[in-house]
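Visitor: Only the shape, not the letters, is given here:
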Ligand SMILES: Nc1ncnc2c1ncn2[C@@H]1O[C@H](COP(=O)(O)O)[C@@H](O)[C@H]1OP(=O)(O)O
Ligand SMILES: [Mg+2]
Ligand SMILES: [Mg+2]
Ligand SMILES: [Mg+2]
């Protein structure tokens, strides 16, 4: 089966990274939160997760040439002021590797950690194989104690061929706004998909997997929609005018952080995901690579707001027209029409 060993390695890497993130989120100390030059919060867990995933993929797939396009770099950690943080990250990575229980465990030095983080400097592109990683997607949710995801995908000749999405705080039961209250409050989901093979979900750390599908709602009035928790990441007014005014969606928006939205959509918790970043923001491939294959293999479609397929082959940026929209096959035509109308009205009112 193609990509079988890559999928196994990706699941192992992401599961361990999730363990590291859970530990940090539990004991999140103010001193663990730092500011990058773009002012987004970055924590020891973002770096630790990236180092772990990079290290495990290289260890598990030794015969392949390794290319990784990932969000973080080690610049700040190499400064004098980054020493304590680097020591803390190295300790976290080693503790997590030790908890794996394998005999082949070797202790990483701070230099090994820097090298593992910097393996993520690849630019991707349309030739060859590249892993694509967001070590913590939804850092703001992570810091708040809410939803976040570890998102890993494999890009092969310009197409995403597999994706693994760990959502440590996502309930195993449905979170859709139309859902009955569930008696189970167990959290921690691992979604994974291989091209042509469907999407599966299992409990993080569990082994029983279930195939998942997007919902088959064709009446927008019965649909519900996901969007960013952070209004700074996506225009909430525009989503409301599309979903509620144009399509007649009755349920209130489900606002959660990160690609957990793609995971939830892939198992039918809601029918639509709308994302309209503010002007000037450029999407990155690691923010959508794993999520998009998880949704498409579950029967959904992810496109830009003009109806173009998402093109992951152009380097680290994912250039899209106006935004990203995701739904099932039946709702996409009416959603696209509603989006076009709303964008035209917005343009003519400026
Ligand atoms: N100004 C911004 N507009 C849109 N998305 C952003 C912005 N700043 C960061 N992001 C990224 O958007 C994603 C989260 O969006 P949301 O949780 O709202 O879906 C994350 O990938 C986050 O990066 P990061 O990986 O650093 O958290
Ligand atoms: Mg970030
Ligand atoms: Mg992200
Ligand atoms: Mg991130």
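Guide: Done, it's in. Keep in mind it's a predicted model, so treat the numbers as computed, not measured. Ligands and ions are numbered 1, 2, ... in the order given.
Visitor: rest of the way, CA atoms for contacts and neighbours
Guide: Noted.
Visitor: Neighbours of residue 68, how many?
Guide: Residues contacting residue 68 under the criterion other C-alpha atoms under 10 Å number 25.
Visitor: Now for it: which residues touch it?
Guide: When contacts are counted by C-alpha atoms under 8 Å, 6 or more residues apart in numbering, residue 68 touches 54, 119-122, 124, 130-133.
Visitor: does the closest residue to residue 22 other than its chain neighbours sit in a helix, a strand or a coil?
Guide: On the basis of C-alpha to C-alpha, 6 or more residues apart in numbering, the spatially nearest residue to residue 22 that is not a chain neighbour turns out to be residue 168, at 7.1 Å. The three-state label given to residue 168 by DSSP: H, G, I helix; E, B strand; the rest coil is strand.
Visitor: Surely residue 168 touches residue 188?
Guide: Yes - using C-alpha atoms under 8 Å, residue 168 is in contact with residue 188, at 4.0 Å.
Visitor: so how far is stretch 229-246 off the chain centroid?
Guide: Chain-centre distance of stretch 229-246: 20 Å, with C-alpha atoms, centre = their mean, to the nearest Å.
Visitor: what's near enough to touch the closest residue to ligand 3 within the stretch 51-200 of the chain?
Guide: The stretch 51-200 of the chain approaches ligand 3 most closely through residue 137 (3.7 Å), counting by C-alpha to the ion. Residues near residue 137 by C-alpha under 8 Å, 6+ apart: 148-151, 258-259, 287.
Visitor: now those in a markdown table, with neighbour count?
Guide: Compiled in a markdown table, the contacts of residue 137 are given as follows (neighbours: other C-alpha atoms under 10 Å):
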| residue | neighbour count |
| --- | --- |
| 148 | 30 |
| 149 | 33 |
| 150 | 30 |
| 151 | 28 |
| 258 | 29 |
| 259 | 29 |
| 287 | 23 |
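Visitor: wait, what's in contact with the residue nearest to residue 22?
Guide: 18, 22, 147-149, 187-190, 204.
Visitor: mind checking pLDDT for it?
Guide: With respect to pLDDT, residue 168 scores 98.
Visitor: Looking at the contacts of residue 137, which are in strands?
Guide: 149-151 (DSSP state E).
Visitor: Any chance of these in a markdown table with pLDDT and distance to ligand 4 as columns?
Guide: What follows is these, written out as a markdown table (pLDDT from 0 to 100; distance: C-alpha to the ion, whole Å):
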| residue | pLDDT | distance to ligand 4 |
| --- | --- | --- |
| 149 | 98 | 9 |
| 150 | 98 | 8 |
| 151 | 99 | 9 |
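Visitor: Restrict these to those that also contact ligand 1, please.
Guide: The subset of these within reach of ligand 1, by C-alpha under 6 Å from any ligand atom, is empty.
Visitor: can you give me the strands in this structure?
Guide: 33-35, 41-43, 68-70, 129-137, 149-156, 159-171, 187-194, 199-203, 209-212, 225-227, 254-255, 272-275, 300-304, 324-328.
Visitor: Out of those strands, which gets the lowest mean score?
Guide: Mean pLDDT across the strands of the chain is lowest at strand 33-35; the value there is a mean of 66.
Visitor: count of residues packed around the residue lying closest to residue 255 once chain neighbours are set aside?
Guide: The spatially closest residue to residue 255, leaving aside those adjacent along the chain, is residue 229, at 4.5 Å (C-alpha to C-alpha, 6+ apart). With neighbours defined by other C-alpha under 10 Å, the count for residue 229 comes to 20.
Visitor: Same check on residue 319?
Guide: 18.
Visitor: Could you pull up the contacting residues of it?
Guide: Contacts for residue 319 (C-alpha under 8 Å, 6+ apart) come out as 282-283, 311.
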